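Undergrad: any chance you can model this:
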Amino acid sequence: MKPTRRKQLQKDGWRVGSAADFLGLSQEEAAYVDLKFSLSQHLRRRREESGITQTKLAADIRSSQSRIAKAEASDPSVSIDLLIRALFATGVSRKNLAAIIAKPTRRARAEQ
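TA: Numbering: from 1, shown residues only. From the prediction side, this is the model:
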């Protein structure tokens with residue numbers, strides 16, 4: 001959120017916070033949610049850039065197309081294990097994975 005918009009909302013009596021504040025998440029829980037979100041975003045981007053369909057990716061990792069769709073949508077039922085296996089199947093290296101994990105998302109940076 002733009003700082004000017006935040007200030008205006010606060011001036012008008014609104015309390016401005018993050019999703020983690022609203023949900024009452026601990027710092028660790030918020031970091032975990034952010035990590036899964038980041039992995040999901042990168043999975044979708046990488047799959048599309050590689051020209052791989054959800055069905056093909058699912059077959060490559062012995063999963064289903066619907067699980068890949070859920071993984072890309074950051075569905076909470078999807079494990080980090082599935083996200084990482086799918087990323088590796090799209091050609092992401094361990095070094096690239098480390099960079100994905102190390103870089104906070106725009107949402108996490110805004111909440112800092």
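Undergrad: assign the nearest residue to Glu72 once chain neighbours are set aside to helix, strand or coil.
TA: Closest residue to Glu72 apart from its sequence neighbours, by CB to CB, 6 or more residues apart in numbering: Arg44 at 4.1 Å. C-beta here means a position set from N, CA and C on the backbone, and glycine is covered the same way. Assigned state for Arg44: helix (three-state reduction, DSSP: H, G, I helix; E, B strand; the rest coil).
Undergrad: the most centrally placed residue in the chain: which element?
TA: Nearest to the mean C-alpha position of the chain, counting by CA atoms, centre = their mean, stands Phe37 at 1.3 Å. Using DSSP states H and E, Phe37 maps to helix 27-50.
Undergrad: just checking, what packs against that helix?
TA: helix 19-23, helix 65-72, helix 80-89, helix 94-102, helix 106-111 (3 or more CB pairs under 8 Å, 6 or more residues apart in numbering; DSSP states H and E).
Undergrad: run the last query once more with 6 Å
TA: helix 65-72, helix 80-89 (3 or more CB pairs under 6 Å, 6 or more residues apart in numbering; DSSP states H and E).
Undergrad: quick one on the thing from earlier: around the spatially closest residue to the residue nearest to the centre of the chain that is not a sequence neighbour, how many other residues sit close by?
TA: Excluding its sequence neighbours, the residue lying closest to Phe37 (CB to CB, 6+ apart) is Ser74, at 5.1 Å. Ser74: 17 surrounding residues under other CB atoms under 10 Å.
Undergrad: do the one 5 residues further on as well
TA: Neighbours of Ser79 under the rule other CB under 10 Å: 12.
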